[in-house]
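fold the stuff below for me.
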Amino acid sequence: INGVFMKIGAPKETMNSEARVALTPESAQRLQKLGYECVVEAGAGLAASLPDAAYEAAGVTVVGSAAELWSQADIIVKVREPSADELDAFPSNKILVSFINPASNEPLLEQMRVKNTSVLAMDMVPRISRAQKMDALSSMANIAGYRAVIEASNNFGRFFTGQMTAAGKVPPARVLVLGAGVAGLAAIGTSVSLGAITLAFDVRPEVSEQIESMGAEFVFLEFDEEQLDGAATNGYAPPSSQAFIDKQREKFRELAPSVDIVITSALIPNRPAPELWTDDMVASMKQGSVIVDLAAERGGNCDLTVMDEKVVSDNGVTVIGYTDLPSRLAKQSSTLYATNLLRLTEELCKTKDGRIDVNFDDEAIRGATVIKQGEITWPPPPPRLSVAPPAAKAAAASAPTPAAKKSSHGHGGGGEPMSGKALAGVFGVSAVL
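Now for the predicted structure:
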C-alpha cells in the first residue's frame, strides 16, 4: 500500500435512490495533479448531472462496467458501503475509501479483510481541527439540514415569511429545530433566511450565542440540576436524568401547539435515536403542520416516524422520515463529498507523486483506517486532541438569561449573564452528526 503508483476509480452507486458519485470532473483534475490516473464507470455521475462527457473532458477514463473498473483501479472510491453483490465481485489487494459504518458492519470488515483489502472509512475521520477538510459526515449533515427545511416547506401549506398583502396579513411560520450541530445549524440558517420565526434547542449552552447570531431564538429550560456540558462529551448530548427528560417533555408539550414545523436532528452515530417528540405532542399540533426527522435511520426522534417514508397523523400532521436527503441534492453533495475525498488523498499523498502512504503517526489517517492490508485496525485509539475547546465554559457564562431571551424575540438582544443553575438547565439535544 505504501510507495506504489495508484489509479483511482469511482463506480456507479448501486443502492436504490442513491444519486451521489464519489468522483467529480473537478476533483479528478486535482487528483491528476497529485499523480493519479482516474477512472469512472459509465453513467456514474448522471444522477448528479455529471455526464460522461464532462469526465472525458477532464481527462478521466470512462469504462463500460463496474467489473472493468474493479480490475483497473487500485483505489476504489464510493459513497455507500459495498453491497453484498459488490463484495462478492470486489477484487483482492485493493484500497476502498467510502462510508463504512464499521460499528454496524463487522461482517463487511471480515469479508474485506479476507480479500487483503485496505479500507478507509469516511465516517471515521476524527473530529479534530486539522481533519475538518476531510469531514464528510459534516458535509452531508450540512446538506441534510438545508434539505430538511426545503422538504418541510414543500409539504407546508403556507409561506414561511410573513406578508402584508391587499388580501390581508399572512403570519410567518414558526419553526422549531431540535439540535444545533451541523445539520441543526444548517436548518436554522435556512429557516431564518426563508423568513420564519425560528426557535432552537441544544444541550450545549455555548451554542446559544451562535443560534442568536443567526436570528433564531434559543429556548431555555428552567431546571435546577447540574447538567454535564455537551462540549465535554465530544459535542454530542450527554446523558440526562429522568427528571430532566420529564421537564424537557413538559416544555415540548407547551410549544407543540404553537409551532408549525419541527426539525429534529438528535442522533449520535451507532446509537438509537433519543425519543424527543412523542405522539401526544404530534396530536397537539395544528393540522397541516410538518415534522422532518433527521434521525429516522436510527429509529427517529418522533414516535410516528417511519424510515424512508412520509406519513400523515390522524390530526393531519405530516411526518417525514427520509434518509436520503443529501442524495436529493446530488450534485452539491457529490461536489462536497468528492472534495472531502480529495483532501484525504492529499494527506495520503503528500509527495504529490501518485504514491499512497497510510501513515499511522497521522491521527486523522489512523482514525479513518479500519483495515490496513488485511488487518482490521478498527476501532482506532482516541484522538490526542479534544474537540472540546477549553474556553467553552467561559463562553457559556456570558449567555443571556431566559428573561432576556424573552425580551429579544429571537433576534438577538442584550441581557444579564445567566446564573450557573440556569446554564445547567439549558435544554436541548445535540445535533445530528
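
can you give me the strands for the stretch 51-200 of the chain?
Using DSSP state E, counting those that start in this stretch, the strands of the stretch 51-200 of the chain run over 61-63, 75-77, 95-98, 118-121, 163-165, 168-170, 174-178, 197-201.

export the ones you listed to a markdown table and append columns for mean pLDDT and distance to Phe252.
Placement of C-beta: from N, CA and C, glycine included. Output for these, formatted as a markdown table (pLDDT from 0 to 100; distance: least, CB to CB, whole Å):
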| stretch | mean pLDDT | distance to Phe252 |
| --- | --- | --- |
| strand 61-63 | 98 | 52 |
| strand 75-77 | 97 | 42 |
| strand 95-98 | 97 | 37 |
| strand 118-121 | 97 | 35 |
| strand 163-165 | 94 | 29 |
| strand 168-170 | 94 | 27 |
| strand 174-178 | 98 | 9 |
| strand 197-201 | 97 | 9 |
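
indicate which one of the ones you listed is closest to Met15.
strand 95-98 (11.6 Å; CB to CB).

packing partners for the closest one?
If you count contacts as 3 or more CB pairs under 8 Å, 6 or more residues apart in numbering; DSSP states H and E, strand 95-98 packs onto strand 75-77, strand 118-121.

who does it pair up with?
Strand 95-98 has its sheet partners listed here by DSSP bridges as strand 75-77 (parallel), strand 118-121 (parallel).

re earlier: in TSV: the helices and strands packed on strand 95-98, plus mean neighbour count.
What follows is the helices and strands packed on strand 95-98, written out as TSV (neighbours: other CB atoms under 10 Å):
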stretch	mean neighbour count
strand 75-77	26
strand 118-121	25
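
may I see the ones you listed organised as JSON lines, with distance to Ala183 added?
Shown next, in JSON lines, are these (distance: least, CB to CB, whole Å):
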{"stretch": "strand 75-77", "distance to Ala183": "24"}
{"stretch": "strand 118-121", "distance to Ala183": "20"}
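
and these: which comes nearest Gly189?
The nearest among the helices and strands packed on strand 95-98, by CB to CB, is strand 118-121 at 28.5 Å.

residues in contact with the closest one?
Strand 118-121 is contacted from outside by 1, 94-102, 109, 112, 344, 358, 365, 368-374, 378, using CB atoms under 8 Å, 6 or more residues apart in numbering.

cool, stretch 182-198 as well?
Around stretch 182-198, the neighbours that count as contacts under CB under 8 Å, 6+ apart are 137-138, 141-146, 148-150, 153, 159-162, 172-178, 180, 200, 202, 210-211, 214-217, 261, 263, 265, 294, 410, 431-433.

could you list the low-confidence segments of the protein?
Low-confidence regions of the chain, defined here as pLDDT under 70, cover residues 1-5, 224-239, 385-433.

centroid residue for it?
Ala141 (2.2 Å; CA atoms, centre = their mean).

wait, it sits on Gly179?
No. Checked against CB atoms under 8 Å, the pair Ala141 and Gly179 is beyond contact range at 10.2 Å.

contacts for stretch 335-354 next, please.
Taking CB under 8 Å, 6+ apart as the rule, stretch 335-354 contacts 5-6, 8, 20-24, 26-27, 30-31, 33-37, 77, 79, 97, 120, 122, 125, 133-136, 139-140, 142-143, 355-358, 362, 364-365, 368.

mind doing that once more with 6 Å?
Identification of contacts with stretch 335-354 by CB atoms under 6 Å, 6 or more residues apart in numbering yields 5-6, 23-24, 27, 30, 34-36, 77, 133-134, 136, 139, 356.

for Asn301, state which of those residues is nearest.
Nearest to Asn301 among those, with distances taken as CB to CB, is Ser139, at 21.9 Å.

the helices in the stretch 151-300 of the chain, which residues?
According to DSSP state H, counting those that start in this stretch, the stretch 151-300 of the chain carries its helices in the segments 182-193, 208-213, 242-255, 279-284.

among those helices, show me which one is buried the most.
When you average the neighbours per residue for each of the helices of the stretch 151-300 of the chain (mean count of other CB atoms under 10 Å), helix 182-193 leads with a mean of 26.
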